[in-house]
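[1] Quick one: sequence plus predicted model below, questions after.
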Amino acid sequence: MSFCWFTSFIGYPNFFETAGASRELAQVFLKLAAASVAGQAYSQSKALFPNLDHAQVETKKAAFQEFGLLYVVPRSDTISLTPLGKQILTLCPDPVEAQKNRDAVILALTNGLCKYQFDNPLPVGGKKGSARAASSDVLPYLAMSYLISRLNFLTASEFAGAVFGLQSMSGLRDLEGTILSHRASGTPFPPLQSLPTNPRTAENLKIYLVSHASLDNEVIRSSQAKVYGFLEQVFELTEYGADMLNAVLSLRWKGWTEPGTVVPVATAYASINDYFENGIGATIPATLAIKERIRRALMDKRRAAGILDIDDLANLKDLPKREFEEGRRRLVKHARLEKVRNPALVLQAKRLFKSIHGTLTCQVCDFNFEAAYGDRGRDYIEGHHTIPISKIEQVTNLTVDDIAMVCSNCHRMLHRPPWISVEELRTAINAKNQMAAV
């Protein structure tokens, strides 16, 4: 039977950003959620969006149903917030609070997506009761999370030639083996016959699926590589994403890394309400949320003590699980960030630098936080590893000589691809200043 994955063609509501299309989508959800709390009818709530026609509001509502945040039972005209939707509303009243609750939000949304199924009482992206929706027991986001966690990355051609054709969860491990076999032989996948005939529609299928699954690049990032002899888009986990997906997969699929465990399949929910209230729209377990809050509190405590750099979480998202060489695939076993980023080493380097120079000053641009911000900036500086962590293939002994003192701006510029040294960035700044003085 011809089969191809379909999801709603709209992006991810990003509750952390302050601008952009994904942030605008988050605002639509927050307004619909507020309308639900106020008891406003769905038909009336559409007036809250004067710049959107009713069809556009419907499309966005379908995306929120796919995430399990809210739902509208056909012909009911009632917006029902799910338990998950209420949880997100509590965690994300504004971008500042959402940022504080980032881990809990990512876990909750990823957990909801991993329970989304094509065969559900209210199919999203297709006609209600269609044979396509009822023909599969696939949990698409759980399957994708499994594949990308096991394989470390997926290419665009693997999506178009294999992943989108998975019709039964019983074939998930076979699909994993097939992809590995194709990579080993260098044989690319031909596009699935069941892909949409319109190339733009087929491309959108990949874009929006990955946008949802990555939560707007929070856990998965895109790069370019030659895996099958031609340059194409590749989707890979970051270290942060690996942590998040591991937590959710372990919750949804006990022993998911073991070959003998039973693969989860779609559940036969009794009704639309059952699916949204007890299935996709359920909140994350309290134990998991508490665990993440404790981890976050510990990190905040370490950061306040000057042990943990404020941009460590960003570095986690920038650090890929795999690198590629053009023309052939090269597996790199990355040491975990916490194994090589020894907080005590950074703290020791800062103390040594201050004992020698009397103050903490950026070694690139000479910026001094205390001079700029007074007491609030006293003893603050960021420690930059002069040996790129992404190049370290095993646990390595580093010394204070491998840590440079840099301000936040210079730190970002040093990490921006392509990697450059502290000396190269300082030279570039001096050259610019000399040209400006002429």
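    Okay, I see it. Residues are numbered from 1 along each chain as shown.
[2] Not counting stretch 270-285 itself, show me its contacts.
    Contacts with stretch 270-285, where a contact means CB atoms under 8 Å, 6 or more residues apart in numbering, come from 65, 67-69, 71, 73, 80, 82-85, 87, 104, 107-108, 111-112, 115-117, 120-122, 251, 267, 269, 289. Quick note: C-beta positions are derived from backbone N, CA and C, even for glycine.
[3] tell me which residues of that stretch are tucked away?
    Within stretch 270-285, the residues scored as buried using 16 or more other CB atoms under 10 Å are 272-273, 275-284.
[4] In CSV, list those residues along with secondary structure and distance to S157.
    Listed next are those as CSV, based on DSSP: H, G, I helix; E, B strand; the rest coil; distance: CB to CB, whole Å:
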residue, secondary structure, distance to S157
I272, helix, 37
N273, helix, 40
Y275, helix, 33
F276, helix, 35
E277, helix, 39
N278, helix, 38
G279, helix, 33
I280, coil, 30
G281, coil, 34
A282, coil, 35
T283, coil, 37
I284, coil, 34
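[5] Let's have these in JSON lines, adding pLDDT and distance to G165.
    Below are those laid out as JSON lines (pLDDT from 0 to 100; distance: CB to CB, whole Å):
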{"residue": "I272", "pLDDT": "91", "distance to G165": "28"}
{"residue": "N273", "pLDDT": "92", "distance to G165": "32"}
{"residue": "Y275", "pLDDT": "93", "distance to G165": "25"}
{"residue": "F276", "pLDDT": "94", "distance to G165": "28"}
{"residue": "E277", "pLDDT": "94", "distance to G165": "32"}
{"residue": "N278", "pLDDT": "93", "distance to G165": "30"}
{"residue": "G279", "pLDDT": "92", "distance to G165": "25"}
{"residue": "I280", "pLDDT": "93", "distance to G165": "23"}
{"residue": "G281", "pLDDT": "94", "distance to G165": "28"}
{"residue": "A282", "pLDDT": "92", "distance to G165": "29"}
{"residue": "T283", "pLDDT": "90", "distance to G165": "33"}
{"residue": "I284", "pLDDT": "83", "distance to G165": "31"}
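[6] Return the member of these nearest to G383.
    Relative to G383, the closest of the buried residues of stretch 270-285 is I284; by CB to CB it sits at 33.4 Å.
[7] quick one: the strands in this protein?
    Assigned by DSSP state E, the chain shows strands spanning 70-72, 79-81, 153-155, 220-226, 231-237, 382-385, 403-406.
[8] ok, which pair from the buried residues of stretch 270-285 is furthest apart?
    Between any two of these (CB to CB), the greatest distance is 21.8 Å, for I272 and I284.
[9] ok, now how distant is G165 from I356?
    62 Å (CB to CB, to the nearest Å).
[10] now T82
    Taken as CB to CB, the span from T82 to I356 is 57 Å.
[11] For these two, work out which one has more neighbours and name it.
    Using other CB atoms under 10 Å, the more surrounded residue of T82 and I356 is T82, with 26 against 7.
[12] Quick check: phi and psi on the closest residue to the more buried one other than its chain neighbours?
    The shortest distance from T82 to any non-neighbouring residue, by CB to CB, 6 or more residues apart in numbering, is to G281 (2.7 Å). Dihedral angles of G281 (phi, psi; degrees, to the nearest 10) stand at phi -90, psi 10.
[13] What's the local residue count around S157?
    20.
[14] That one reaches T187, doesn't it?
    No - taking CB atoms under 8 Å as the definition, S157 is not a contact partner of T187, at 10.6 Å.
[15] shared neighbours of the two, which are they?
    Y228.
[16] Run through the helices of the stretch 301-438 of the chain in chain order.
    With DSSP state H, counting those that start in this stretch as the criterion, the stretch 301-438 of the chain has helices at 312-318, 337-340, 343-357, 369-373, 408-415, 422-437.
[17] so can I have TSV of these showing mean pLDDT and distance to E24?
    Shown next, in TSV, are the helices of the stretch 301-438 of the chain (pLDDT from 0 to 100; distance: least, CB to CB, whole Å):
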stretch	mean pLDDT	distance to E24
helix 312-318	48	22
helix 337-340	36	33
helix 343-357	77	38
helix 369-373	92	33
helix 408-415	89	26
helix 422-437	89	35
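[18] Distance to F49 for those helices - can I get that in JSON lines?
    Output for these, formatted as JSON lines (distance: least, CB to CB, whole Å):
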{"stretch": "helix 312-318", "distance to F49": "31"}
{"stretch": "helix 337-340", "distance to F49": "42"}
{"stretch": "helix 343-357", "distance to F49": "47"}
{"stretch": "helix 369-373", "distance to F49": "41"}
{"stretch": "helix 408-415", "distance to F49": "36"}
{"stretch": "helix 422-437", "distance to F49": "45"}
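[19] Of those, which is nearest L205?
    Here helix 312-318 is closest among these (CB to CB), at 25.1 Å.
[20] Which stretches in the stretch 151-300 of the chain count as helices?
    Under DSSP H, counting those that start in this stretch, the stretch 151-300 of the chain gives helices at 156-161, 172-185, 199-214, 239-252, 272-274, 286-304.
[21] Show me what the first one packs onto, helices and strands only.
    Contact here means 3 or more CB pairs under 8 Å, 6 or more residues apart in numbering; DSSP states H and E; on that basis helix 156-161 packs against helix 199-214, strand 231-237.
[22] Could you list the alpha-carbon positions for the shortest one in PDB?
    So the one you mean is strand 231-237. Output of strand 231-237 as PDB, limited to C-alpha atoms (Å, rounded to 0.1, in the frame of the first residue of the first chain):
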ATOM      1  CA  LEU A 231      26.000  17.500  -0.700                       C
ATOM      2  CA  GLU A 232      22.700  17.500   1.100                       C
ATOM      3  CA  GLN A 233      21.000  18.700   4.300                       C
ATOM      4  CA  VAL A 234      21.700  16.600   7.400                       C
ATOM      5  CA  PHE A 235      19.800  16.800  10.700                       C
ATOM      6  CA  GLU A 236      21.900  15.900  13.800                       C
ATOM      7  CA  LEU A 237      21.400  16.000  17.500                       C
END
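[23] quick one: strands adjacent to that strand?
    strand 153-155 (antiparallel), strand 220-226 (antiparallel) (DSSP bridges).
[24] Kindly report the domain assignment for this structure.
    What automatic domain parsing lists as the domains of the chain is 96-292, 333-437.
[25] mind checking which of those is nearest V28?
    domain 96-292 (14.8 Å).
[26] Figure out how far that closest one is from the centre of its chain.
    How far domain 96-292 lies from its chain's middle: 12 Å, per CA atoms, centre = their mean, to the nearest Å.
[27] same thing with stretch 54-73?
    Taking mean C-alpha positions (CA atoms, centre = their mean), stretch 54-73 and its chain are 21 Å apart.
[28] likewise stretch 23-30?
    18 Å.
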